[in-house]
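> Following is a predicted model, sequence given first.
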Amino acid sequence: MESDIPTTGKGPAANLAARRAAGQVHADPVQERVVQRLQAIYDQLGAVSAPAARTGFLARLGFGRTEKPASGPHGLYIWGPVGRGKSMLMDLFFADAPVAQKRRVHFHEFMLEVHERLHRRREELAAKGAPPESDTIVPIAREIARETRLLCFDEFQVTNIADAMILGRFFETLLDAGVTVIATSNRAPDDLYKNGLQRDRFLPFIELIKKRLEILELGGAQDYRMGRMRNLDLYLTPLGAWATKKLDEAFRTLTGGADGEPRVLRTQGRDVEVPRAAPGVAMAHYIDWCAKPMGAADFLCIADHFHTVILAEIPKMGPDNRDKAARFVTMIDSFYERKVKFICSAAAAPDKLYVEGDGAFEFQRTVSRLMEMQSPEYLALEHIE
């Protein structure tokens, strides 16, 4: 993932100072404490990488090779409520981290990839007639460790037993191989996979994280996302180029200037496509979700992964497009249940979107929710994952 944050090329502390000097962010002592720890990791990574660069000629001749890569710092686990700047600080660190093999990825997507690799390896062994491995997890973790020396995870969270059961051995192998891990999360380590099935088997992973990574809380009373949200137009009407531009501006404002990229979520064996996403923020067109056979589970999956959703070009609705209207109602109910912040452009005010015909009466609850979701009281509510 490429960063859209302009940098000085001197590490996260200098990059943050440059943003402050430009008036893009305000001084925050809590952020400063976290960025100094990120800077320490940055400096250690640079020190580990420098000898490899100087001995590159000898390495090409076959001298000085080792089976085990140089060990870097284990990393950081940064947690705190939404809107405190976790993703911004990760941007400033990752943008010019002095590691050639580095990767930034949403944790949910990374785990989907891990499961796919595990499945593929088992199929390959079966095709060769080889006996199944007693533990396929360790070879896959070593494979990833050879590919990546720095792993940065956005939105670290554990929600299913399939992930919970493999994380301990998987991450222990990564860290033993010298991979540096930086993770951001809304949850403290002790709250990961809370109330999950067979959670007692997951507890060793929590202890591993607490032992091998430095745990930093990025708290503070200031919710910067909410400050930006209050300055935005949340419900834009009528439709037009100006509304489209405003939605794009809102996306960039809430994501620190990110372009965003498509993402695919997985729920109940189904893929849920998000056309444009950045940490915490999703953007789509009404047709992308309401014209497809999506249900409550799909919309709740979106709500679980994003604290803010931006939806473009909501049309007027009626009996002729009752199926799309029903999905729209389900979507708003799901977002409302999870306290997702909602920004949109629409052909008319909420009470004019579905005014007559079969289904108009039932739509009145959605009208009420759309209006409430614009209120300061709703915006102040904590996102429910």
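Thanks, I have it.
> longest helix in the chain, by residue count?
helix 29-54 (DSSP state H).
> quick one: the residue nearest to Ile314 when sequence neighbours are not counted from Tyr354, how far?
Setting aside the residues directly before and after it, Ile314 is nearest to Ala346 in space (Cβ to Cβ, 6 or more residues apart in numbering), at 4.0 Å. Quick note: C-beta positions are derived from backbone N, CA and C, even for glycine. When Cβ to Cβ, to the nearest Å is the yardstick, Ala346 and Tyr354 sit 11 Å from each other.
> Just want to know which of the two has more residues nearby.
For Ala346 against Tyr354, the residue with the higher neighbour count under other Cβ atoms under 10 Å is Tyr354, and the figures read 25 against 22.
> Identify the residues contacting the more buried one.
Taking Cβ atoms under 8 Å, 6 or more residues apart in numbering, we find Tyr354 in contact with 316-318, 325, 360, 363, 366-367.
> Would you format those residues as JSON lines with distance to His26, secondary structure and neighbour count included?
Output for the contacts of Tyr354, formatted as JSON lines (distance: Cβ to Cβ, whole Å; DSSP: H, G, I helix; E, B strand; the rest coil; neighbours: other Cβ atoms under 10 Å):
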{"residue": "Lys316", "distance to His26": "42", "secondary structure": "coil", "neighbour count": "13"}
{"residue": "Met317", "distance to His26": "42", "secondary structure": "coil", "neighbour count": "25"}
{"residue": "Gly318", "distance to His26": "47", "secondary structure": "coil", "neighbour count": "17"}
{"residue": "Ala325", "distance to His26": "43", "secondary structure": "helix", "neighbour count": "23"}
{"residue": "Ala360", "distance to His26": "47", "secondary structure": "coil", "neighbour count": "16"}
{"residue": "Phe363", "distance to His26": "42", "secondary structure": "coil", "neighbour count": "22"}
{"residue": "Thr366", "distance to His26": "37", "secondary structure": "helix", "neighbour count": "21"}
{"residue": "Val367", "distance to His26": "37", "secondary structure": "helix", "neighbour count": "18"}
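> from the residues you listed, which has minimum pLDDT?
When the contacts of Tyr354 are compared by pLDDT, Ala360 scores lowest at 86.
> ok, and the closest non-adjacent residue to it?
Distances taken as Cβ to Cβ, 6+ apart put Tyr354 closest to Ala360, at 5.3 Å, once the chain neighbours are dropped.
> So what's the residue count around Glu261?
The burial metric for Glu261, expressed as a neighbour count using other Cβ under 10 Å, is 12.
> wait, doesn't it sit right on Ala277?
Yes - the pair formed by Glu261 and Ala277 meets the contact definition of Cβ atoms under 8 Å, at 6.6 Å.
> ok, which stretches of the stretch 51-200 of the chain are strands?
Counting by DSSP state E, counting those that start in this stretch, the stretch 51-200 of the chain has these strands, from start to end: 75-79, 102-106, 150-154, 180-185.
> Nearest to Pro131 among the ones you listed would be which one?
The closest approach between Pro131 and any of those, judged by Cβ to Cβ, belongs to strand 150-154 at 30.9 Å.
> Alpha carbons of the closest one, in PDB - could you do that?
Included here for strand 150-154 are C-alpha records, laid out as PDB according to Å, rounded to 0.1, in the frame of the first residue of the first chain:
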ATOM      1  CA  LEU A 150       8.400  -5.300   8.000                       C
ATOM      2  CA  LEU A 151       4.700  -6.000   8.400                       C
ATOM      3  CA  CYS A 152       2.400  -3.100   9.200                       C
ATOM      4  CA  PHE A 153      -1.200  -4.000  10.100                       C
ATOM      5  CA  ASP A 154      -4.100  -1.600  10.000                       C
END
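> Who are the contact partners of Ala325?
Contact criterion Cβ under 8 Å, 6+ apart gives 290, 317-318, 354, 359, 363 as the residues in contact with Ala325.
> Return, as residue ranges, the portions of this structure with sub-threshold pLDDT.
For the chain, the stretches flagged by pLDDT under 70 are 1-9, 49-73, 83, 132, 134, 220-227.
> So what are the structural domains in it, by residue number?
Per the record's domain assignment (automatic domain parsing), the chain is made up of the domains 12-217, 224-379.
> mind checking the end-to-end distance for the first one?
Across domain 12-217, the straight-line distance between its terminal residues is 17 Å, by Cα to Cα, to the nearest Å.
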